[in-house]
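[1] what's the 3D shape of this:
(chains A, B and C)
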Amino acid sequence: MKNRIILHIDMDYFFAQIEERENPQFKGKPVVVGADPKEGKGRGVVSTANYIARKYGIHSAMPISKAYQLCPKAVFLPVNHELYQKVSENIMNIVKKYSPRFELVSLDEAYLDLSETVVKPLLWQSYYDSYKKGEVLAKKLKKEIFKKEKLTSTVGIGPNKLIAKMASVEAKPDGLLVIKPNQIQKFLNPLDVEKIPGVGPKTAEVLRKLGVNKIKELSKIKKSKLKEIFGKVGKDIADKARGIDKSEVCPKTEVKSVGKEHTFDKDTRDPEIIFPTFEKIIKEVWQELQRGDFSIQGVSVICRFQGFETKSKQKSFEKAKSNLEFLEKTAKKLLLELLLKNQNLVRLIGLRVKVEE
DNA sequence: AAGTTCTTATTAC
DNA sequence: CTAACGGTAATAAGAACTT
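    Sure thing, here's the model as predicted:
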């Protein structure tokens, strides 16, 4: 299908909005969902903050200690994953009804390919008429979700996943933004390069040093030049700056690795803390592996030390293994090697298993 | 020299 | 005082190693 219409839906400040819904007494107050702030000594990060909290400068992924500094009187709540999972299922069951071409991105995000739904049925209509139909559909979807779940969402619509996603980001909260093919450049040009999915802080910093801040400037750089600087992703970035994205809605990717990690309350070197924690991690990863018919192709152990220096050690196997004793033996050996080579205090330990099938 | 494995970095939600 | 930074997963690049 050449001319597609893709919809991206993103729930507004999802975790925090659910908490507001469940606890009306929080309405009007700053709400921060994430790690325990522990009077400002917490080690985790903010998962989601409502818009009132954001006015204090609090945002996702911010250290919870900083969030506490910015607004100690905010309502701080732990992540209630079970609840959000359930609400997510309810919502996604609604979203799915609007097109069979459905792709779940995370608990609060999904794509729909509306092409079949909205382009084909009336052959006499133009591709542009279909955008109108898409917009009507989006309004209905938002309304249905709000009626049934009392939660607001934002929808973006465009000719591909990239534009749909970027449109929804610009439109939130409680928004709807439709970008037709002839509006792509106008939409992208004034946005910061970091608005492109795949351009994070590091890439943006390199671009900034080249005097490139806006997507308009980025789109003027030759693809070959970007490829030179950023390698394979440079090519993608060049396409994205021009609004080009051929990726399909749906393909559910198979699991390639399963892992667990844990950050200690304090940096430590105490074997009475480190090893029992690691045993637990191994057991949990093994549990997770049992949920599918996985075989172990490789084991990698991660240690983050004081000062955030992160080291990993891995071992892969020609013929896949599948027994707990082997996993334990290999993982412990790798951890020992890491700890011997690095004498600093340990902040985090983790285990990741490469799997097949 | 080529192919595989290991290590680190970056990104996203 | 000047940083503070979770957990899970994918992917890419280059180093380090086998063969």
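
[2] how would you label residue A:260: helix, strand or coil?
    Under DSSP: H, G, I helix; E, B strand; the rest coil, residue A:260 falls in the strand class.

[3] what about it, distance to residue A:35?
    Separation of residue A:260 from residue A:35 (C-beta to C-beta, to the nearest Å): 17 Å. No exception for glycine: its C-beta is placed from N, CA and C like everyone else's.

[4] next one: residue A:29
    Remark: distance between residue A:29 and residue A:35 (C-beta to C-beta) = 19 Å.

[5] beta partners of the residue nearest to the spatial centre of chain A?
    Geometric centre of chain A, nearest residue: residue A:106, 6.6 Å, by C-alpha atoms, centre = their mean. Under DSSP bridges, the beta-bridge partners of residue A:106 are residue A:109.

[6] Look up phi and psi at residue A:298.
    Per-residue torsions, residue A:298: phi -170, psi 160 (degrees, to the nearest 10).

[7] What count of nearby residues applies to it?
    Neighbourhood size, residue A:298 [other C-beta atoms under 10 Å]: 17.

[8] I figured it was touching residue A:316, is that so?
    Yes: counting by C-beta atoms under 8 Å, residue A:316 is a contact partner of residue A:298 at 3.5 Å.

[9] List the contacts of residue A:280.
    Contacts of residue A:280 were listed using C-beta atoms under 8 Å, 6 or more residues apart in numbering, and they are residue A:262.

[10] What about whichever residue of chain A sits closest to DNA strand C, how many residues nearby?
    Here chain A gets closest to DNA strand C at one residue, residue A:231, 2.4 Å apart by C-beta to the nearest atom of the strand. Using other C-beta under 10 Å, residue A:231 is surrounded by 10 other residues.

[11] about what we covered before: so residue A:29 and residue A:35 - more neighbours on which side?
    Legend: neighbour count by other C-beta under 10 Å for residue A:29 and residue A:35, higher for residue A:35 (20 against 15).

[12] Roughly how far does that one sit from residue A:264?
    13 Å.

[13] do residue A:278 as well
    Distance check for residue A:278 against residue A:264: by C-beta to C-beta, it reads 11 Å.

[14] now do residue A:331
    Distance of residue A:331 to residue A:264, given as C-beta to C-beta: 18 Å.

[15] more crowded one of those two?
    More neighbours surround residue A:331 than the other of residue A:331 and residue A:264, with 24 against 17 (other C-beta under 10 Å).

[16] give me the element the more buried one is part of.
    Secondary structure from DSSP states H and E places residue A:331 in helix A:324-341.

[17] Equivalent analysis for residue A:136, please.
    Counting by DSSP H and E, residue A:136 is part of helix A:127-149.

[18] tell me how far that helix is from the chain's mean position?
    Offset of helix A:127-149 from its chain centre (C-alpha atoms, centre = their mean, to the nearest Å): 24 Å.

[19] Sheet partners, orientation included, of the helix or strand just after that helix?
    Scanning forward in sequence from helix A:127-149 by DSSP H and E, the next helix or strand is strand A:153-158. Take DSSP bridges as the rule and strand A:153-158 pairs in its sheet with strand A:6-11 (antiparallel), strand A:176-178 (parallel).

[20] So which residues on the stretch 151-300 of chain A come close to DNA strand B?
    A:165, A:196, A:197, A:198, A:199, A:200, A:201, A:202, A:203, A:204, A:298, A:300 (C-beta under 7 Å from any atom of the strand).

[21] picking up where we left off before, touching both of residue A:35 and residue A:264, which residues are there?
    Taking C-beta under 8 Å, 6+ apart as the contact rule, residue A:35 and residue A:264 have no neighbour in common.

[22] related to what we said a few turns ago, model confidence for the residue of chain A closest to DNA strand C, exactly?
    Residue A:231 carries a pLDDT score of 93 in this model.

[23] for residue A:40, same thing?
    For residue A:40, the model assigns a pLDDT of 89.

[24] which residues does it contact?
    Contacts for residue A:40 (C-beta under 8 Å, 6+ apart) come out as A:65, A:68, A:69, A:72.

[25] go on, residue A:240?
    By C-beta under 8 Å, 6+ apart, residue A:240 lies in contact with A:162, A:196, A:197, A:198, A:199.

[26] Which strand or helix spans it?
    For residue A:240, the enclosing helix or strand under DSSP H and E is helix A:232-241.

[27] what about the strands in chain A?
    Assigned by DSSP state E, the strands in chain A fall at A:6-11, A:31-34, A:46-49, A:75-77, A:102-106, A:109-113, A:153-158, A:176-178, A:257-268, A:295-305, A:310-321, A:346-356.

[28] touching DNA strand C at all, the second one?
    No: residues of strand A:31-34 contacting DNA strand C under C-beta under 7 Å from any atom of the strand: none, with a closest distance of 7.9 Å.
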